[in-house]
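S.K.: Just need the structure, nothing else, for what follows:
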Amino acid sequence: MRVMQINSVPYGSTCRVMLGICRAARLQAIHCDTASGYSTHPAKDLPGEHYCIGGPAGKALHMTLARLTGLNGCFSLLATLRLIGQIRRERVDLLHFHNLHGWYVHLPLLMRYVKRRRLPVVWTLHDCWAFTGQCAHYTAVGCQRWKSGCGRCMQKQVYPQSAIDLSRRMYRAKQRWFASLPDAVLVTPSKWLARQVSQSFLSGLPVRVIPNGIDCDVFQPTPGGLAAGDRHVVLGVANGWTKQKGLDTMIELAGRLGRSYQLVLVGTDSRTDLQLPPGILSIHRTSDAVELARLYTAAEVFVNPTLEDTFPTVNLEALACGTPVITFDVGGSAECIDETCGLAVAPGDVNALENAIRRVCTEKPFSAQSCIRRARQFDQKTAYAAYLALYRQKAGEKP
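M.R.: Numbering: from 1, shown residues only. Down below sits the predicted model:
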């Protein structure tokens with residue numbers, strides 16, 4: 001069996017999922033290639049034969065034209081022809097899509113090729129973009145127009161940005177491109193996202209839920225983190241803090257909780273620092289997983305005030321380090337929590353969030369051992385095994 005995985009970028013959480021599956025596949029004698037759009041971001045751990053789709057000029061042109069016209073995924077024609085040539089040369093039996101947004105492929109051409117060849121497809125939906133006319137997330141703004149054809153988009157300036165509202169046209173185009181894939185299965189990391197798919201124009205395609213996993217050999221109780229004296233350490237981690245990620249909520253909590261609590265935000269940058277009050281400790285982005293494990297371990301509680309997410313692995317990472325989790329019950333954020341390891345409160349209810357933090361820090365209702373036990377149910381090895389079983393099923397191989 002020969003598999004090619006395709007993702008928008010060669011870095012970040014979606015790339016880590018792609019590379020983890022690739023390594024697991026190769027250990028099982030499955031020929032697995034990876035490909036992603038061009039990026040200036042420093043990439044690491046990519047296999048030597050990783051295929052780069054397009055180059056800097058093509059990426060810049062695609063991005064510019066898409067933003068001016070609202071036609072996302074309708075450029076990069078030459079890069080996509082070359083990608084199809086690579087698929088042919090590698091004699092690929094199965095394509096595994098991750099993020100197809102990101103200004104790097106000509107979607108009409110790629111989908112026509114897949115349909116003509118009747119190539120089996122596994123498509124991991126990391127967000128909601130595949131079945132909306134524009135956005136990747138909509139829960140923070142409470143939009144339901146994706147159920148009826150989009151139009152009058154309130155998020156045209158949000159990634160993938162557009163100067164013109166063509167969300168209704170793009171909705172219909174995606175419906176043509178994606179809903180009639182002849183041999184495809186969708187994978188969602190959360191039950192919540194699977195339910196969203198069932199209400200969309202992709203409802204005719206089969207869906208599997210395979211939760212994102214974490215490396216429990218790395219994320220485990222690790223001493224040596226923060227020293228906050230007798231203050232309760234409240235930790236938040238995000239890959240870029242925005243209003244949607246809960247930055248405003250964390251700032252408000254800092255004022256509410258007072259001096260006996262130390263709020264720590266990881267994943268900030270210099271622009272975020274300008275918005276933070278003196279009581280919040282800011283730690284800029286780190287790619288050192290061991291250092292991150294130390295921070296999780298040092299916290300008494302991990303708080304995820306996200307307003308939109310599919311299945312955040314930061315919750316799992318905290319649990320694996322023995323730290324209970326409190327989150328807004330939005331998207332799939334609460335799906336890794338049960339009564340032994342954390343609390344979920346109504347989205348946007350800062351009063352409930354504050355009360356939950358105080359309860360966890362003072363009453364200690366959740367043990368480190370129960371948090372770790374829960375996290376081990378989401379070990380990445382389990383996720384990879386599920387993907388490889390799905391590969392074999394799509395290729396018609398016996399398990």
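
S.K.: Please enumerate the strands of the stretch 101-250 of the chain.
M.R.: Secondary structure of the stretch 101-250 of the chain (DSSP state E, counting those that start in this stretch): strands located at 121-124, 184-188, 207-209, 232-237.

S.K.: In contact with the residue lying closest to Phe75 once chain neighbours are set aside, which residues?
M.R.: Taking CB to CB, 6 or more residues apart in numbering as the measure, Phe75 lies nearest to His62, with 4.1 Å between them; neighbours along the chain are not counted. Any C-beta I mention is one placed from the backbone N, CA and C, and that applies to glycine too. Each residue near His62 by CB atoms under 8 Å, 6 or more residues apart in numbering is listed here: Gly54, Phe75, Ser76, Trp103, Tyr104.

S.K.: With mean pLDDT as new columns, can the strands of the stretch 101-250 of the chain be given to me in CSV?
M.R.: What follows is the strands of the stretch 101-250 of the chain, written out as CSV (pLDDT from 0 to 100):
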stretch, mean pLDDT
strand 121-124, 98
strand 184-188, 98
strand 207-209, 98
strand 232-237, 98
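
S.K.: Of those strands, which stretch is the most buried?
M.R.: strand 232-237 (a mean of 24; mean count of other CB atoms under 10 Å).

S.K.: contacting residues around that strand?
M.R.: Applying CB under 8 Å, 6+ apart, the set of residues contacting strand 232-237 from outside is 226, 246, 250, 253, 257, 260-267, 292, 295-296, 298-305, 314, 317-318, 323, 357, 361.

S.K.: Tell me the buried residues within the residues you listed.
M.R.: Buried by 16 or more other CB atoms under 10 Å: 226, 246, 250, 253, 257, 261-267, 292, 295-296, 298-305, 314, 317-318, 323, 357, 361, out of the contacts of strand 232-237.

S.K.: from those, which ones fall inside strands?
M.R.: Per DSSP state E, strands hold the following members of the buried ones among the contacts of strand 232-237: Tyr261, Gln262, Leu263, Val264, Leu265, Val266, Gly267, Val301, Phe302, Val303, Asn304.

S.K.: Just flag the most distant two among the residues you listed.
M.R.: Pairwise distances across those (CB to CB) peak at 19.4 Å, for the pair Tyr261 and Gly267.

S.K.: any chance you could map the helices in the stretch 251-399 of the chain?
M.R.: In order along the chain, the stretch 251-399 of the chain carries the following helices (DSSP state H, counting those that start in this stretch): 270-273, 289-298, 313-320, 350-363, 368-376, 380-395.

S.K.: Check which helices and strands the shortest one sits against.
M.R.: The elements that helix 270-273 packs onto, with contact taken as 3 or more CB pairs under 8 Å, 6 or more residues apart in numbering; DSSP states H and E, are strand 280-284.
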